[in-house]
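Student: Quick one: sequence and predicted model below, then my questions.
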Amino acid sequence: MTIVPVIKRDYITKLAEQGKRIDGRSFEQYRNIEIETKVVNKAEGSARVKIGNTQVLVGIKIDLGEPFPDSPNMGVLSTAAELIPLASPDFESGPPREDAIELARVVDRGVRESQVVDVEKLVITPGEKVWIVFIDIHILDYDGNLFDAASLGALAALSTTTIPAKRFEEQLPEEFPKEDFPLPMSEPPISCTAVKINDFVLFDPCFDEEIIADARLTVATDHKGDIRAMQKGLSGSFSKEEIQKVIKGALDNGQEIRKKLYQSTGK
Amino acid sequence: MKSDIELITSEGKRLDGRGPHDLRKIKIEAGVLHRADGSCYLEWGGNKVLVAVYGPREAVPRHTQNPLKAIVQARYNMAAFSVEDRKRPGPDRRSVEISKVISEALEKVILIDQFPRASIDVNIEVLDAEAGTRCAGLTAAGVALVDAGIPMRDIPVACAAGKIGGQVVLDLGKEEDNFGDADLPVAISPRTGEVLLLQMDGHLTFDEFDQAFNLALKGCHAVSEIQKKAIMLKYQSVAAEVQE
């Protein structure tokens, strides 16, 4: 690590002591969020999400395949993330590394465990043929908080996804309807991330805040106000009070973000 | 697979309604990314391409450095969701080849002697693909290099011509690329007319090649004007902000 983050750390903590952040936000406040859906024609569903300068594109592709042996009555979800070198001077090409895999897995867990996609409705012939949903996350511009941008992007893209039954007509059993239909979805959980710098907890960290953060916590909450997934990252620690503070902030911000998601997907 | 569909009528009308010498609709926007040193978003028909330029910066690993000049590393990559059947992420033989010919084309116009030991990285991401992505990628790369302030002799530009249903036409679309007779992507330095990239597949007579090549050059010059407009638009607004 070079000297620049050390200087920035000094600056960011001094501001935090006065209750301020480098871009003028309050500690709990998110940057401006923009969601645009159906941006890729070739994809079965897609969305571009901007949180401040961070930009993520998520595309959904649907294919036919076999279910996993331990879940013959469920369709398959597969999530992959690429930190492509386009997005940051520090990203390199090549197979996905630690960071990309953690990101993909956290998004995957948010989608899978919350059962936002009804995988049981993706079965064509139990044990033999199911729909496979590929969620591909493309990071376009990295200015911090990829976790929230990527999971929001995945949800927005999934909400606009159509199963292209007509295109696979010849490979489907006779009794299966050949009309395209929307991906069966239920209420989405929203992920909110906060970082800890010294004793300050800041939501939606930008890049400069993220690289000097001691610890990070992502909390996904649903429309009833329940917690659906969590992930703590980095080598710093949280106290119990700080965790409660993050959960509370995640609930408040989650409500606002959910409204934006509904607006953009028309639901 | 040969198709029975008529790609072009005897009056010269194509599937998407274009005449033989018409380009698809092109939209170019410069400077769209925050972290990149230079960037460009380009839509060309159904193609959507995003390019980010980083550099000149130290080339790593060190053995790739050239003590006399900069290296130009273009990386052409297709998003998994950019095509009909999901593409496995990561480089394949096709994208490695395209990256190589684009790198070489850009190297010719960039003043690489000014940056010994450095690397100029051009990341080309195809987000939505519909025939002619290499031309779209190279054209967007030209604008992104300008946006990054990389010194160049000229702004490189590319356009393809080809042959469908026995007629020579400009800028092949999706079906025309799949079922046509020949495809001829060309990249030039528009100021001097030097050819930077040239590939062909299919079948052309000498005369047809001549026709197609001249048509591609005309296409390149037309696209070049759109590139310049996009750059002017970005920097006129920057200039206006500075004056305020």
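Tutor: Perfect, thanks for sending it.
Student: Now do the strands in chain B.
Tutor: Applying DSSP state E to chain B gives strands spanning B:26-30, B:38-44, B:47-58, B:71-78, B:118-128, B:157-164, B:167-170, B:182-189, B:194-198, B:201-202.
Student: okay if I get these as TSV plus distance to chain A?
Tutor: Every C-beta, even on glycine, is put in place using the N, C-alpha and C of the backbone. Output for these, formatted as TSV (distance: least, CB to the nearest CB, whole Å):
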stretch	distance to chain A
strand B:26-30	13
strand B:38-44	8
strand B:47-58	4
strand B:71-78	6
strand B:118-128	4
strand B:157-164	19
strand B:167-170	22
strand B:182-189	20
strand B:194-198	21
strand B:201-202	22
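Student: looking at these, which is buried most?
Tutor: Compared across the strands of chain B, strand B:157-164 shows the largest average neighbour count, a mean of 27 (mean count of other CB atoms under 10 Å in any protein chain shown).
Student: I'd like the mean pLDDT over it, please.
Tutor: Strand B:157-164 shows a mean pLDDT of 97.
Student: Give the other helices and strands that it contacts.
Tutor: Applying 3 or more CB pairs under 8 Å, 6 or more residues apart in numbering or on different chains; DSSP states H and E, one finds that strand B:157-164 makes contact with helix B:133-147, strand B:167-170, helix B:174-179, strand B:182-189, helix B:206-243.
Student: what's the spacing between the shortest one and its chain's center?
Tutor: Right, strand B:167-170. For strand B:167-170, the separation from the chain centroid amounts to 19 Å (computed by CA atoms, centre = their mean, to the nearest Å).
Student: try the first one
Tutor: Counting by CA atoms, centre = their mean, helix B:133-147 is centred 5 Å from the centre of its parent chain.
Student: what residues does the stretch 101-250 of chain A put near chain B?
Tutor: A:134, A:136, A:138, A:140-143, A:207 (CB under 8 Å from any CB of the partner chain).
Student: top of those residues by neighbour count?
Tutor: Among these, A:His138 has the most neighbours (other CB atoms under 10 Å in any protein chain shown), with 30 neighbours.
Student: thinking that one is in contact with B:Asp128, fair?
Tutor: No - assessed by CB atoms under 8 Å, A:His138 is found out of contact with B:Asp128, at 11.5 Å.
Student: Need the overlap of contacts for those two.
Tutor: Common contact partners of A:His138 and B:Asp128 (CB atoms under 8 Å, 6 or more residues apart in numbering or on different chains): B:Ala79.
Student: Please render the residues of the stretch 101-250 of chain A next to chain B as a markdown table that adds pLDDT and secondary structure to the earlier fields.
Tutor: Shown next, in a markdown table, are these (pLDDT from 0 to 100; DSSP: H, G, I helix; E, B strand; the rest coil):
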| residue | pLDDT | secondary structure |
| --- | --- | --- |
| A:Phe134 | 97 | strand |
| A:Asp136 | 96 | strand |
| A:His138 | 95 | strand |
| A:Leu140 | 96 | strand |
| A:Asp141 | 96 | strand |
| A:Tyr142 | 95 | coil |
| A:Asp143 | 96 | coil |
| A:Phe207 | 94 | helix |
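Student: Farthest-apart pair in those, please.
Tutor: A:Phe134 and A:Phe207 (28.3 Å; CB to CB).
Student: now B:Ile150: how far from chain A?
Tutor: According to CB to the nearest CB, to the nearest Å, B:Ile150 and chain A sit 15 Å apart.
Student: In contact with that residue, which residues?
Tutor: With contacts taken as CB under 8 Å, 6+ apart, B:Ile150 has the following neighbours: B:38, B:53, B:55-56, B:110, B:120.
Student: Kindly report the same for B:Lys218.
Tutor: Applying CB under 8 Å, 6+ apart, the residues contacting B:Lys218 are B:21, B:170.
Student: Repeat that for A:Ile212.
Tutor: A:5, A:8-9, A:12, A:197.
Student: Out of those residues, flag the one nearest to A:Glu256.
Tutor: Closest to A:Glu256 out of those is A:Ile197 (23.3 Å), distances taken as CB to CB.
Student: pLDDT at the residue nearest to that closest one when sequence neighbours are not counted, what is it?
Tutor: Once flanking residues are discounted, A:Ile197 sits nearest to A:Ala213: 5.6 Å by CB to CB, 6 or more residues apart in numbering or on different chains. Here the pLDDT value assigned to A:Ala213 is 93.
Student: So out of everything in the stretch 101-250 of chain A, what residue is nearest chain B?
Tutor: A:Asp136 (4.1 Å; CB to the nearest CB).
Student: beta partners for that residue?
Tutor: A:Gly59, A:Ala80 (DSSP bridges).
Student: ok, it touching B:Phe81?
Tutor: Yes - if you go by CB under 8 Å, A:Asp136 and B:Phe81 touch, sitting 5.2 Å apart.
Student: tell me, what's touching the two both at once?
Tutor: Each of A:59-61 lies in contact with both A:Asp136 and B:Phe81 under the rule CB under 8 Å, 6+ apart.
Student: would TSV of those residues with neighbour count and pLDDT be doable?
Tutor: Shown next, in TSV, are the shared contacts of A:Asp136 and B:Phe81 (neighbours: other CB atoms under 10 Å in any protein chain shown; pLDDT from 0 to 100):
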residue	neighbour count	pLDDT
A:Gly59	28	97
A:Ile60	25	97
A:Lys61	27	97
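Student: who's in contact with the closest residue to chain A within chain B?
Tutor: Nearest to chain A in chain B, going by CB to the nearest CB, is B:Phe81, at a distance of 2.7 Å. By CB under 8 Å, 6+ apart, the residues touching B:Phe81 are A:40, A:42-43, A:46, A:59-61, A:134, A:136.
Student: Can you tell me which of those residues is closest to chain B?
Tutor: Of these, the one sitting nearest to chain B (CB to the nearest CB) turns out to be A:Gly59, at 2.7 Å.
Student: wait, doesn't that closest one sit right on A:Asp136?
Tutor: Yes - counting by CB under 8 Å, A:Gly59 touches A:Asp136, with 5.1 Å between them.
Student: which residues do these two both contact?
Tutor: Common neighbours of A:Gly59 and A:Asp136 (CB under 8 Å, 6+ apart) are B:79-81.
Student: wait, what's in contact with B:Ala129?
Tutor: Contacts for B:Ala129 (CB under 8 Å, 6+ apart) come out as A:42, B:46-47, B:78, B:82-83.
Student: Then A:Phe168?
Tutor: Applying CB under 8 Å, 6+ apart, the residues contacting A:Phe168 are A:Leu64.
Student: remind me which residues of the stretch 51-200 of chain A are low pLDDT?
Tutor: Residue ranges of the stretch 51-200 of chain A with pLDDT under 70: none are present.
Student: picking up where we left off before, would TSV of the contacts of B:Ala129 with pLDDT and distance to B:Leu23 be doable?
Tutor: Listed next are these as TSV, based on pLDDT from 0 to 100; distance: CB to CB, whole Å:
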residue	pLDDT	distance to B:Leu23
A:Lys42	95	21
B:Gly46	96	13
B:Asn47	97	12
B:Met78	96	22
B:Ser82	96	21
B:Val83	95	22
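Student: Most widely separated two among those residues?
Tutor: B:Gly46 and B:Met78 (13.8 Å).
Student: picking that back up, where among the strands of chain B is the average confidence lowest?
Tutor: strand B:201-202 (a mean of 92).
Student: which helices and strands does that one pack with?
Tutor: Using 3+ CB pairs under 8 Å, 6+ apart, strand B:201-202 is in contact with strand B:182-189.
Student: which other residues reach the strand it packs on?
Tutor: Residues outside strand B:182-189 that contact it (CB under 8 Å, 6+ apart) are B:105, B:108-109, B:132, B:134-135, B:138, B:153-154, B:156-163, B:172, B:177, B:194-204, B:208-209, B:212-213, B:216-217, B:220.
Student: Paired strands for that strand, with orientation please.
Tutor: Strand B:182-189 pairs in its sheet with strand B:157-164 (antiparallel), strand B:194-198 (antiparallel), strand B:201-202 (antiparallel), by DSSP bridges.
Student: Thanks a lot, catch you later.
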